[in-house]
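*Asks:* The amino acid sequence is not available; the structure is as follows:
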């Protein structure tokens, strides 16, 4: 089973940038898509961005378009989420998830906290 570990979260001020990493280890499958999700206090988990195994296809939540960039380094089994112009509304626990052998994201990391102060 593949395991995912997120890193790079922290406390930052509004307007700055932050880069999150999602590293895969264990029995990594031959191909898998990765998605980033986030959950703010008192709210449901929501989709942020995703990237296909090849990296040729990416998708973003509307509010992330133009500010966030998802990318992957297959050699390092790592997916990145570059977040620019952060706003307090981006405060949440950020999770990465893998879609392995199906249509659903079925492997999740433990999450990393991002807090943006105004």
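*Replies:* Now that the structure is in, tell me what you want to look at. Fair warning: this is a prediction, and the values are worked out from it, not measured in the lab. Residues are numbered from 1 along each chain as shown.

*Asks:* residue nearest the centroid of this structure?
*Replies:* The centre of the chain sits closest to residue 36, judged by CA atoms, centre = their mean, with a distance of 2.9 Å.

*Asks:* Let me see the contact set for that one.
*Replies:* 20, 22, 47-50, 70, 79, 81, 94-97 (CB atoms under 8 Å, 6 or more residues apart in numbering). Placement of C-beta: from N, CA and C, glycine included.

*Asks:* again with residue 7
*Replies:* 20, 21, 23, 112.

*Asks:* which residues in this protein form strands?
*Replies:* Secondary structure of the chain, counting by DSSP state E: strands at 2-7, 10-13, 18-26, 33-39, 46-51, 58-60, 68-73, 78-83, 92-99, 107-108, 112-117.

*Asks:* Show residues contacting the fifth one.
*Replies:* It refers to strand 46-51. 33-39, 57-61, 64, 68, 70-72, 79, 81, 94.

*Asks:* how close does the spatially closest residue to residue 71 that is not a sequence neighbour get to residue 57?
*Replies:* Leaving aside its sequence neighbours, residue 71 sits nearest to residue 80 (CB to CB, 6 or more residues apart in numbering; 5.1 Å). The gap separating residue 80 from residue 57 is 16 Å, by CB to CB, to the nearest Å.
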